[in-house]
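# any chance you could fold what I've pasted below:
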Amino acid sequence: MTHNNFKIREIQLKDNPKIAKVIREILIEFGVPKVGTAYADKILDTLYEAYDTKKAVYFVIEKDGELYGGAGIKQLDNYDGNVCELQKMYFLPEARDIGLGSKMMEICLQKAKEFGFESCYLETLPYMESARKLYRKVGFKDLDAPMGDTGHYSCNLWMLKKL
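Here you go, the predicted structure:
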């Protein structure tokens, strides 16, 4: 899939160091706490391996050999139910506001349906306003409390979408 010369594709092993750097850069840009968020995730440096399992996929945004973001779908951690989580959806400024978020969301939710999940969950933060607008636009609804246990205790907004 190409959009403004950006390409969305599945993660490859060689992408690990690049996508980890991109995600940390974005989290720092937004002033996200370094504990209780994706910043502290041990898997951040090994995303290819983390998603190399059944009913899981991670996509990256690439342009001219460089990575500009990504997003993944995976079973919701520590939750007994057929619910996946939209994980680590972050884009560098160059990849924002040009429709890539909508396209990435469409691809991820389609995969979630193909994997047979009934609902998709996500966690976010109040100041990630444009992301929250996009989530609402595609049908995510606000929840009063978290589901499962992702370890992201600093993320205090939770959303769910029926697939």
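# residue ranges of the helices in the chain, please?
Using DSSP state H, the helices found in the chain span residues 16-29, 47-50, 100-114, 129-137.
# pipe the ones you listed into a markdown table and attach distance to Pro146, mean neighbour count and mean pLDDT per row.
Where you see a C-beta, it was placed from the backbone N, CA and C, and this is true even at glycine. Output for those, formatted as a markdown table (distance: least, C-beta to C-beta, whole Å; neighbours: other C-beta atoms under 10 Å; pLDDT from 0 to 100):
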| stretch | distance to Pro146 | mean neighbour count | mean pLDDT |
| --- | --- | --- | --- |
| helix 16-29 | 19 | 17 | 93 |
| helix 47-50 | 20 | 18 | 96 |
| helix 100-114 | 19 | 18 | 96 |
| helix 129-137 | 15 | 15 | 91 |
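# between those helices, which one is closest to Asn4.
Between Asn4 and these, the shortest gap by C-beta to C-beta is with helix 100-114, which sits at 7.7 Å.
# tell me where the model's unsure across this protein.
The model of the chain has pLDDT under 70 over residues 1-3.
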